[in-house]
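Enquirer: Kindly generate the corresponding structure for this input.
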Amino acid sequence: MQVPRGNGSTVVRIRAGASLADFADKIDANPASLVTVLFHLGEMATATQSLDEDTFKALGDELGYVIEIVSPEEEERELLGSFDIDLEAEEAGETDEDLHPRPPVVTVMGHVDHGKTKLLDAIRSTDVVAGEAGGITQHIGAYQVTTQHEGDERPITFLDTPGHEAFTAMRARGAQVTDIAILVVAADDGVMPQTVEALNHAQAAGVPIVVAVNKVDKEGANPAKIRQQLTEYNLVAEEYGGDTMFVDVSAKNRTGIDDLLGAVLLTADAALDLRANPDKDARGVAIEANLDKGRGSVATVLVESGTLHVGDSIVAGTAHGRVRAMFDERGDTVAEAGPSRPVQVIGLQSVPRAGDSFIVAPDDRTARQIADKRAAADRAANLAKRRKRISLEDFTKALEEGKVETLNLIIKGDVSGAVEALEDALLKIDVGREVELRIIHRGVGAITQNDVNLATVDSAVIIGFNVRPAERVAELADREGVELKFYSVIYDAIDEVESALKGMLKPEFEEAQLGTAEVRQVFRSSKFGNIAGSIVRSGTIRRNTSARITRNGVVVADKVNIDSLRREKDDVTEVREGFECGIGLSTKDVQEGDIIETFEMREKPRA
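Expert: Residues are numbered from 1 along each chain as shown. All right, here's what the predicted structure looks like:
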């Protein structure tokens, strides 16, 4: 089978996670012939298997093609273009008359336990701390508050990002939809690692920062020190001649809150052009989503432009549906949501991921088709990402040494952001190449019978994060021998999975020296063979242990056994340092002056 070859500069564009069959379509080749080419390059893959970028680059070099992986943005543009939806052209056609002011979207960031959630409580006068495990915010919430500013009622939208370092991906995503970041720093604690991490996210997203110096009412609080510390990170307070607004607040006593909201609005007016067109189909971002027992899929979405109406057909990531109802942060129903408005949407057929963009489609059929195409592309990209590349040499070696141990996991959580963050954290666990971690399924909602059936087939462990099994599912799991593990704090899950992976590793042994003895005289015995009259120089010499004999520093006999041990006329089990003894060895090659080293193999703890 002849494979069409490029001239070395022929560009082939393929999407992330494409298969050999997709590549074969692009160059008009037979997929089977590409399998053969890849085999000769030392890679084994089927025609329909998703491949990673490196494999395609190697194949392209061999065949004379320049492989370009289409970016997710371009792929999304091409996908929507195939349905005659051109968001960029729509945006370019907007005039100044079409754009109206919109509220700023604010993300509250900072180190764990510096009072981010307490500050939001003070701002919106609700309490979500009590419901959080270990006092750590583990979900993204979105709320809109209205404040008086220069005589006008001004709304501000707040995103509450989690204060957990394993949720970095969610925090970063929070910064992407943000206009302004409030960096919360405790006045009695100072700048901490997560403060710097949050600051880096905000700066990378290019958003203005307002610093809330919290806990100024506490003893030992030093707001001036915070201002000084943050100058090292290019945040210079206005009073020091910089352009960053610092506001001293006490979330507990609810003081300085109005000043903080005023600082946010001043920063928004001075640094940003916050306008959007409300008179078009809505588009925005899914901030969070979960599965509600009575209402089905519930997604918190933030409208970025346009207006979302009840009855609109929407597609969010791989989820689609019709907006059946919308609720604001107080649980009241709303008929429409304009730019920068966060609402809970009911009506999606499945649960979108935190951070998925949503658009309004012309009709239900188009929404379903876009969602299906996105799901297929996502599945292929995930397969390519999860694929363990194995060369022919590695494959032969793996066959010789026995199969690679694999721990299969199924993750179920209460909200999609938590599931995604836990999956990312678990996939980063590295205990070497001998053990592999595979996440075979992840989802939102209670653990179901289907999850247990899948775990039974693939010998998987089910991890429940803030969820429990549905009715009679625990009995089924017990009957099928499927292990269910439940967690409410992400660190516990990561630690236990890491311990499990380390437990699957084959034990490593190291040699531990027990003692050495110097041979003073060799006695020949017809009954016992050669007896080495020796003196113990260090440690202890024990009967039935392994030994080696060295002569002038060179090993002359290895894997020798100490068959007998006598002290004077008595048989003994061990002789300590400084005492003389007769050692019966399982070798005849022993001379005066030789050193007998005894050792045992001990299991080495894994790092």
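
Enquirer: Asn561 contacts Ala547, correct?
Expert: Yes. Asn561 is within contact range of Ala547, at 7.2 Å (criterion: CB atoms under 8 Å). C-betas here are computed from N, CA, C, even on glycine.

Enquirer: Which of these two has more residues huddled nearby?
Expert: Neighbours per residue (other CB atoms under 10 Å) separate Asn561 from Ala547, with Ala547 holding more: 25 against 14.

Enquirer: tell me which residues in the host helix or strand of the more buried one are buried?
Expert: Under the criterion of DSSP states H and E, Ala547 resides in strand 546-551. By 16 or more other CB atoms under 10 Å, the buried positions in strand 546-551 come out as 546-549.

Enquirer: what's next to it, contact-wise?
Expert: Applying CB atoms under 8 Å, 6 or more residues apart in numbering, the contact partners of strand 546-551 are 555-562, 585, 587, 589-591, 593-601.

Enquirer: and the longest helix seen in the chain, what's its mean pLDDT?
Expert: As assigned by DSSP state H, the longest helix anywhere in the chain is helix 364-386. Helix 364-386 carries an average pLDDT of 79.

Enquirer: ok, now stretch 52-66?
Expert: Average pLDDT, stretch 52-66: 86.

Enquirer: now stretch 522-532
Expert: Averaging pLDDT along stretch 522-532 gives 80.

Enquirer: Does Phe23 belong to a helix, a strand or coil?
Expert: Following DSSP: H, G, I helix; E, B strand; the rest coil, we place Phe23 in the helix state.

Enquirer: which non-adjacent residue is nearest it?
Expert: Once flanking residues are discounted, Phe23 sits nearest to Ile14: 6.0 Å by CB to CB, 6 or more residues apart in numbering.

Enquirer: Next: Lys588.
Expert: Nearest-residue entry for Lys588: Asn530, 5.3 Å, with adjacent residues in sequence omitted and distances by CB to CB, 6+ apart.

Enquirer: okay, and the common contacts of Asn561 and Ala547?
Expert: Here Asn561 and Ala547 have Leu585 as joint contacts, going by CB under 8 Å, 6+ apart.

Enquirer: re the thing from before, partner strands of the strand holding Ala547, parallel or antiparallel?
Expert: Sheet pairing of strand 546-551 (DSSP bridges) gives strand 554-567 (antiparallel), strand 595-604 (antiparallel).

Enquirer: what's the closest of those strands to Glu153?
Expert: Distance to Glu153, taken as CB to CB, is lowest for strand 595-604 among these, at 67.8 Å.

Enquirer: re the thing from before, now the residue nearest to Lys588, which residues is it bridged with?
Expert: Arg524.

Enquirer: How much space separates it from Gly582?
Expert: In this structure, Asn530 and Gly582 are 10 Å apart, going by CB to CB, to the nearest Å.

Enquirer: and Gln584, how many neighbours?
Expert: Small correction: residue 584 is Gly, not Gln. By other CB under 10 Å, the residues close to Gly584 number 19.

Enquirer: any idea of the angle the helix or strand hosting it forms with strand 554-567?
Expert: Using DSSP H and E, Gly584 maps to strand 580-585. Comparing the axes of strand 580-585 and strand 554-567 via axes from the mean of the first three to the mean of the last three CA atoms, to 10 degrees yields an angle of 120 degrees.

Enquirer: Direction included, what does strand 580-585 pair up with?
Expert: Counting by DSSP bridges, the strands paired with strand 580-585 are strand 529-542 (antiparallel), strand 554-567 (antiparallel).

Enquirer: any idea how far Tyr143 is from the residue nearest the centre of the chain?
Expert: With distances taken as CA atoms, centre = their mean, Asp424 lies nearest the centre of the chain, 1.6 Å away. Asp424 sits 26 Å away from Tyr143, going by CB to CB.

Enquirer: all helices of the stretch 251-400 of the chain, in order?
Expert: Ranges of helices within the stretch 251-400 of the chain are 257-271, 364-386, 392-401, based on DSSP state H, counting those that start in this stretch.

Enquirer: Check which helices and strands the longest one sits against.
Expert: Using 3 or more CB pairs under 8 Å, 6 or more residues apart in numbering; DSSP states H and E as the contact criterion, the secondary-structure elements in contact with helix 364-386 are strand 10-15, helix 72-81, strand 313-316, strand 319-327.

Enquirer: Can you list the neighbours in contact with that helix?
Expert: The contact list for helix 364-386 (CB under 8 Å, 6+ apart) reads 15-19, 49-52, 75, 79-80, 83, 313-315, 317-322, 361, 438-439.

Enquirer: Repeat the analysis, applying 6 Å as the threshold.
Expert: Outside helix 364-386, the residues within contact range by CB atoms under 6 Å, 6 or more residues apart in numbering are 16-17, 50-52, 79, 83, 313, 315, 318, 320, 361.

Enquirer: any idea of the angle it forms with strand 319-327?
Expert: Using the same axes, to 10 degrees: helix 364-386 against strand 319-327 is 120 degrees.

Enquirer: Measure how far helix 364-386 is from the centre of its chain, please.
Expert: Offset of helix 364-386 from its chain centre (CA atoms, centre = their mean, to the nearest Å): 21 Å.

Enquirer: Compute the inter-axis angle for it and strand 10-15.
Expert: Going by the same axes, to 10 degrees, helix 364-386 makes 110 degrees with strand 10-15.

Enquirer: Render the CA-only coordinates of stretch 418-438 in CSV, please.
Expert: Listed next in CSV are the C-alpha coordinates belonging to stretch 418-438 (Å, rounded to 0.1, in the frame of the first residue of the first chain):
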residue,chain,number,x,y,z
ALA,A,418,-15.0,19.8,42.1
VAL,A,419,-14.9,16.7,39.9
GLU,A,420,-12.6,18.4,37.4
ALA,A,421,-10.3,19.7,40.1
LEU,A,422,-10.1,16.3,41.8
GLU,A,423,-9.4,14.6,38.5
ASP,A,424,-6.6,17.1,37.6
ALA,A,425,-5.0,16.7,41.0
LEU,A,426,-5.1,12.8,40.9
LEU,A,427,-3.6,12.6,37.4
LYS,A,428,-0.7,14.7,38.6
ILE,A,429,0.3,12.0,41.2
ASP,A,430,3.5,10.4,40.1
VAL,A,431,4.9,7.3,41.7
GLY,A,432,7.0,6.1,38.7
ARG,A,433,6.3,4.1,35.6
GLU,A,434,5.5,0.8,37.2
VAL,A,435,2.0,1.8,38.3
GLU,A,436,-0.6,3.6,36.2
LEU,A,437,-3.7,5.6,37.3
ARG,A,438,-6.7,5.6,35.0
